[in-house]
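Student: sharing a model prediction with you, sequence too.
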Amino acid sequence: MPKVTEAVPDPVLNVKSALTAAGAEDTVRIFEDKVPTAAAAASVLGCDVAAITNSLIFKLDGKPLLILASGAAKVDTTLVAKLLGTEKIRRAKPDFVLKHTGQEVGGVAPIGHPQRIRTILDTSLQEHPLLWAGAGDHNSMFSITYDQLQRITNAEPLQVR
């Protein structure tokens, strides 16, 4: 007897809708196993960890700041703050992330949030012809090019490390 497919979770449906509304292809893939880290996702997808786009939420003056960083990068918050002309950015706590994205840490997507979030795009991601990003939960990812990702998120390209 075939395995019953569970309904697609709302955060993933939001990402799928946001992709198509932005004129991008719905490339969301849902995996049986969780892919909550860049390393786990790269292993399942058979790609370089540097081609995984981590969606990291920080706090900037009490508001969310989304940094889309290579899975191989550790964001230099001092550098990013300096480049943005501010004193400090801080990694957001899980409840803040959920409130502003509608998605849990480890499954945050670059899109599909209740409100637009100021977004920074790691320039090192340009090196990869195809990127993979979280699609709203721990089991979902979508593929996209750097230029498409910048366009649909209206992200500011920036060196993050």
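Tutor: Structure's in. What do you need?
Student: assign a three-state SS to the residue nearest to the spatial centre of the chain, would you?
Tutor: The C-alpha lying nearest the average C-alpha coordinate of the chain belongs to residue 55 (C-alpha atoms, centre = their mean; 3.0 Å). Under the three-state scheme (DSSP: H, G, I helix; E, B strand; the rest coil), residue 55 adopts strand.
Student: before we move on, what about residue 65?
Tutor: Assigned by three-state DSSP, the conformation of residue 65 is strand.
Student: what is the burial count for it?
Tutor: 22 (other C-beta atoms under 10 Å). C-beta: built from backbone N, CA, C; applies to glycine.
Student: and it, what pLDDT?
Tutor: We have a pLDDT of 98 for residue 65.
Student: who are the contact partners of it?
Tutor: 57, 58, 59, 89, 117, 118, 119, 120 (C-beta atoms under 8 Å, 6 or more residues apart in numbering).
Student: and what of residue 17?
Tutor: Per C-beta under 8 Å, 6+ apart, neighbours of residue 17: residue 112.
Student: doesn't it lie inside a helix?
Tutor: Yes. Looking at residue 17 with three-state DSSP, it is inside a helix.
Student: isn't residue 27 up against residue 148?
Tutor: No. Residue 27 is not in contact with residue 148 according to C-beta atoms under 8 Å; the separation is 10.0 Å.
Student: list phi and psi for residue 83.
Tutor: For residue 83, the backbone dihedrals (degrees, to the nearest 10) come out as phi -70, psi -30.
Student: pretty sure it contacts residue 159?
Tutor: Yes. With contacts counted by C-beta under 8 Å, residue 83 reaches residue 159, the gap being 7.0 Å.
Student: show me the two of the contacts of residue 65 that sit farthest apart.
Tutor: The most widely separated members of these, counting by C-beta to C-beta, are 59 and 119 (14.4 Å).
Student: okay, those two: which has more neighbours?
Tutor: residue 119 (22 against 17).
Student: does that one sit in a helix or strand, and which one?
Tutor: strand 118-122 (DSSP states H and E).
Student: so what's the residue count around the nearest residue to residue 31 once chain neighbours are set aside?
Tutor: In space, not counting the residues next to it along the chain, residue 31 is nearest to residue 139; the distance is 5.1 Å by C-beta to C-beta, 6 or more residues apart in numbering. Residue crowding around residue 139 was assessed by other C-beta under 10 Å; the count is 20.
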